[in-house]
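A.B. asks: would you be able to build a 3D model of this:
(2 chains)
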Amino acid sequence: MTVYLPIAELSVNIFIILGMGAAVGFLSGMFGVGGGFLITPLLIFYNIPPVVAVATGANQVVASSISGAITHFRRGTLDIKLGTVLLIAGLCGATAGVWLFALLRRVGQLDLVISLLYVALLGTVGALMLFESVNALRRAAKNQPASLRKPGHHNWVHGLPLKMKFKKSKIYLSVIPLGVLGFSIGVLTSIMGVGGGFIMVPAMIYLLRIPTNVVVGTSLFQIIFVTAYTTIMQATTNNSVDIVLAFILMVAGVVGAQYGVRVGQRLRGEQLRALLALLVLAVGLRLAVDLVLTPEEIYSVVSEWGY
Amino acid sequence: MKSLPAALAAALVWALVLPAAAQDKPPSTATEKMEIGISTDEIAITSDFRGADLTIFGAIEGYDPNLLAQGKYDIVVALEGPKDNLTVRRKERVLGVWVNRRSMTFELVPESYSLSSTRDVEKIASDEVLNSIGVGLHHIRLDPIGYIGDGSNLSEFRESLRRLKETGGFYQRDPGGVQFISASLFKATVKLPANVPNGTHVVRAHLFRDGVFISEKALPLRVVKTGLEQMISNAAYSHPLSYGVLAVVLALLTGWIASIVFRKD
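C.D. replies: Residues are numbered from 1 along each chain as shown, chains lettered A, B, ... in the order given. Predicted coordinates for the structure are as follows:
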């Protein structure tokens, strides 16, 4: 059964889109990630114009993050003040990102930049995750306990000026690293269609030493508002949010996520992470190959307003 | 149809004056005229549209029967889509990666172009004639905008634009699509491509006598896409803010409802 996507302006098989949404939803439930960083490349592989894939990806992350955000809000496992600082920076980043997105599109380099960013990001994240999970598996085989990092241990980030007190997190932190982190995530949301949790969470834990019990809630608080804002900005600036595509992905995604969570609870973390790392690397590799292989057609035509 | 009686009347007049005229000299100055008509000026299509044929009827008036009998009259009918500035880009390898490097923008090019003629357009008239009136897939006006350097790659970009439009099904031709159904009445069939653009198209008919362009007639044809998909597309472009807010609300609702439906307790 085919369905016509009004903004992407092409007909697609609805079951392939549903399958993509469900599979990524399943993985995101299993690993507790938003899934935007897998949805967008998969849509590009399925010939959805990257412009539409990125804007629609941001829209889809809103749906996949809201239930987690509500849960953390209810339980109070988030630092609103910290989240607000990250959010303000995130909104600035998203605004700059959407503007950059429109500029790159006008000069015909958007598709390239999206692919390059994905190759860099998926390559780095995939390699780090693989390295980390293989080490963990090795330790488990030798029956060694994992070396615990000391929370509260200070690093260079804590020497920066313009400090602010965050009561809930019980830390005293400079707004500079928070601003840089929030801004970068905002830019990534608008140019790559990701929520950015897979960067923000490790950065908050390892770099900023924020207590783990508020990290996920606080990052979801930032993500939900930044992705919602980016969706509206993309719709008004680039007219590239495909609501039909987004809705199919969302419905399949939220259902898939529920089953992912259940399976995830029964499996061992290190093996799961190694598998996700391999998947992330494979997607990155495929994008890299497409950039290097001689294309069948080196010319392309775009109209003033088309893709 | 007003043109048919007119054509008959014209033919009658010709028949009366013909003996005298034939004795003098063959008429070389053009007196031929052409009329065309289509059954509608608006076509509504839905998103499952797979392409269709559009039939246009027309008549030549004031023709020379001798020339007509020899098949010296040719008719070319084109359906030109809405015009937009089109940019052609070419990828080149930079540090191993394929990157869009050169580009050229052409002014107001029809997004679709469907051609129908009595015979191969290239044989109807010379390249100069076809170029001057912009008729034929290889003669559509493609004027570059802005700086194009020494212009040495102009033809390369023009050719690529035509080729991509042809392979995409937007530019088509049917060198037998115009047929005479009587001495002066003709029927032209032009194809509407499956991905026909929304907007005002123009049906343009050209009459040639022995390789000489004589007259032209044009009629507007509005192509209106209908259905839910088009409503969504219209909303995205004309009310982008409400559309964006709606997309966010839809996402929030979907995620929230799912969390209630699948709640474990």
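A.B. asks: state the pLDDT value of B:Q230.
C.D. replies: Per-residue pLDDT puts B:Q230 at 86.
A.B. asks: verify the stated contact: it with B:N198.
C.D. replies: Yes. Assessed by Cβ atoms under 8 Å, B:Q230 is found in contact with B:N198 at 7.4 Å. Heads up, the C-betas are built off the backbone N, CA and C, glycines and all.
A.B. asks: may I see the buried residues of the helix ranked longest in chain A?
C.D. replies: Counting residues, the longest helix found in chain A (DSSP state H) is helix A:110-141. Going by neighbour count (16 or more other Cβ atoms under 10 Å in any protein chain shown), the buried part of helix A:110-141 is A:110-119, A:121-123, A:125-126, A:129-130, A:133, A:136-137.
A.B. asks: residue numbers of the stretch 101-250 of chain B in contact with chain A?
C.D. replies: Counting by Cβ under 8 Å from any Cβ of the partner chain, the residues of the stretch 101-250 of chain B close to chain A are B:103, B:111, B:157, B:160-161, B:163-165, B:195, B:229-230, B:232-233, B:236-237, B:240-241, B:243-248, B:250.
A.B. asks: what do you get if the cut-off is 6 Å, keeping everything else the same?
C.D. replies: Within the stretch 101-250 of chain B, the residues that sit near chain A (Cβ under 6 Å from any Cβ of the partner chain) are B:160-161, B:164, B:229, B:232-233, B:236-237, B:240-241, B:243-244, B:247-248.
A.B. asks: skipping adjacent residues, who's closest to residue 42 in space?
C.D. replies: As the question left the chain open, I've gone with chain A. Closest residue in space to A:L42, ignoring its immediate chain neighbours: A:M20 at 5.1 Å, by Cβ to Cβ, 6 or more residues apart in numbering or on different chains.
A.B. asks: look at chain B instead
C.D. replies: Nearest non-adjacent residue to B:E42, counting by Cβ to Cβ, 6+ apart: B:R222, 4.5 Å away.
A.B. asks: so the one you found sits against B:T200, correct?
C.D. replies: Yes. At 5.3 Å, B:R222 counts as touching B:T200 under the criterion of Cβ atoms under 6 Å.
A.B. asks: give me the low-pLDDT residue ranges for the stretch 201-307 of chain A?
C.D. replies: Scanning the stretch 201-307 of chain A for pLDDT under 70 picks out A:304-307.
A.B. asks: surely B:W98 touches B:K91?
C.D. replies: Yes. Using Cβ under 6 Å, B:W98 is in contact with B:K91, at 4.5 Å.
A.B. asks: and chain B, what are its domains?
C.D. replies: Following automatic domain parsing, one finds the domains of chain B at B:3-226, B:228-265.
A.B. asks: these: lowest mean pLDDT?
C.D. replies: For those, the weakest mean pLDDT is recorded on domain B:3-226, namely a mean of 84.
A.B. asks: those strands in the stretch 201-307 of chain A, which residues are they?
C.D. replies: For the stretch 201-307 of chain A, applying DSSP state E, counting those that start in this stretch gives strands covering A:299-303.
A.B. asks: nearest to chain B: which residue in it?
C.D. replies: A:A235 (3.0 Å; Cβ to the nearest Cβ).
A.B. asks: from A:V125, how far off is that residue?
C.D. replies: Using Cβ to Cβ, to the nearest Å, we find A:A235 at a distance of 28 Å from A:V125.
A.B. asks: ditto for A:K165
C.D. replies: According to Cβ to Cβ, A:K165 stands 32 Å off from A:V125.
A.B. asks: A:L110 too?
C.D. replies: Distance, A:L110 to A:V125, by Cβ to Cβ: 22 Å.
A.B. asks: what's the answer for A:V134, then?
C.D. replies: For A:V134 relative to A:V125 (Cβ to Cβ), the value is 15 Å.
A.B. asks: quick revisit: same list, the buried residues of helix A:110-141, but only the ones touching chain B.
C.D. replies: Answer for these near chain B (Cβ under 6 Å from any Cβ): A:L112.
A.B. asks: helix, strand or coil for B:I60?
C.D. replies: Secondary structure, DSSP: H, G, I helix; E, B strand; the rest coil: B:I60 is strand.
A.B. asks: against which helices or strands is the helix or strand hosting A:F101 packed?
C.D. replies: Element membership for A:F101 (DSSP states H and E) is helix A:80-106. Counting contacts by 3 or more Cβ pairs under 6 Å, 6 or more residues apart in numbering or on different chains; DSSP states H and E, helix A:80-106 is packed against helix A:175-192, helix A:212-238.
A.B. asks: buried residues in that helix, which are they?
C.D. replies: Residues of helix A:80-106 classed as buried: A:80, A:82-83, A:85-91, A:93-95, A:97-98, A:101-102, A:104-105 (neighbour count, 16+ other Cβ under 10 Å).
A.B. asks: now that helix against helix A:175-192, angle please.
C.D. replies: Going by axes from the mean of the first three to the mean of the last three Cα atoms, to 10 degrees, helix A:80-106 is angled at 40 degrees with respect to helix A:175-192.
A.B. asks: ranges for the strands of chain B?
C.D. replies: Secondary structure of chain B (DSSP state E): strands located at B:33-37, B:42-45, B:52-61, B:73-80, B:83-94, B:97-110, B:113-117, B:144-145, B:171-174, B:178-180, B:185-192, B:199-209, B:212-225.
A.B. asks: just put the ones you listed in TSV and tack on mean neighbour count and distance to A:V215.
C.D. replies: Converted to TSV, those look like this (neighbours: other Cβ atoms under 10 Å in any protein chain shown; distance: least, Cβ to Cβ, whole Å):
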stretch	mean neighbour count	distance to A:V215
strand B:33-37	19	71
strand B:42-45	15	53
strand B:52-61	20	58
strand B:73-80	25	59
strand B:83-94	17	40
strand B:97-110	18	36
strand B:113-117	26	58
strand B:144-145	14	52
strand B:171-174	20	56
strand B:178-180	17	72
strand B:185-192	20	57
strand B:199-209	21	52
strand B:212-225	16	48
